[in-house]
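Undergrad: sharing a model that was predicted from the sequence below.
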Amino acid sequence: MSTERATSPKHSSRVSQSAPVLKSHKHSAKTARVEVRTSAKKKAFYQRAADLKGQTFTEFVESSLDEAATRAHKEFEAIELSERDSRAFVAALLADATPSRALTAAAKRYKERTEA
């Protein structure tokens, strides 16, 4: 799916990169455009899905994109650990909190360099 379309200099960008993503679409100004080329068969399939949900085609596409983008963000931001890694992480949290000499020296060097 493309969010930009370069057809001529006057139409070099069809999407505002600074357009905010809003949960409530009823009161937001619609200033950006997204264009997708697909087969007639797929478009009919998508239109049928929109009809089944009682949405316009645009509402269906926008809500579907919102859901897919939310899933992608959550997948990217989530940290998944194996059972072994989870145990190691918890053990590290519960272990002695005294920093090693190497860590103390590194912190001192960092502080000297950044506060100068």
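TA: Great, that's in hand.
Undergrad: can you confirm Arg33 is in a strand?
TA: No - read with DSSP: H, G, I helix; E, B strand; the rest coil, Arg33 is coil and lies in no strand.
Undergrad: what's the end-to-end length of stretch 73-86?
TA: Stretch 73-86 has an end-to-end distance of 22 Å (CA to CA, to the nearest Å).
Undergrad: and that stretch, average pLDDT?
TA: Stretch 73-86 shows a mean pLDDT of 89 in the predicted model.
Undergrad: contacts for that stretch?
TA: Residues from elsewhere that reach stretch 73-86, judged by CB atoms under 8 Å, 6 or more residues apart in numbering: Phe89. To be clear about C-beta, it is placed using only N, CA and C from the backbone, and glycine gets the same treatment.
Undergrad: after the helix ranked longest in the chain, next one along is what?
TA: For the chain, the longest helix by residue count, based on DSSP state H, is helix 57-77. Scanning forward in sequence from helix 57-77 by DSSP states H and E, the next helix or strand is helix 83-94.
Undergrad: off-centre distance for the first helix or strand past that next one going along the chain?
TA: Downstream of helix 83-94, the first helix or strand assigned by DSSP H and E is helix 101-114. Computed by CA atoms, centre = their mean, to the nearest Å, the chain-centroid distance of helix 101-114 equals 35 Å.
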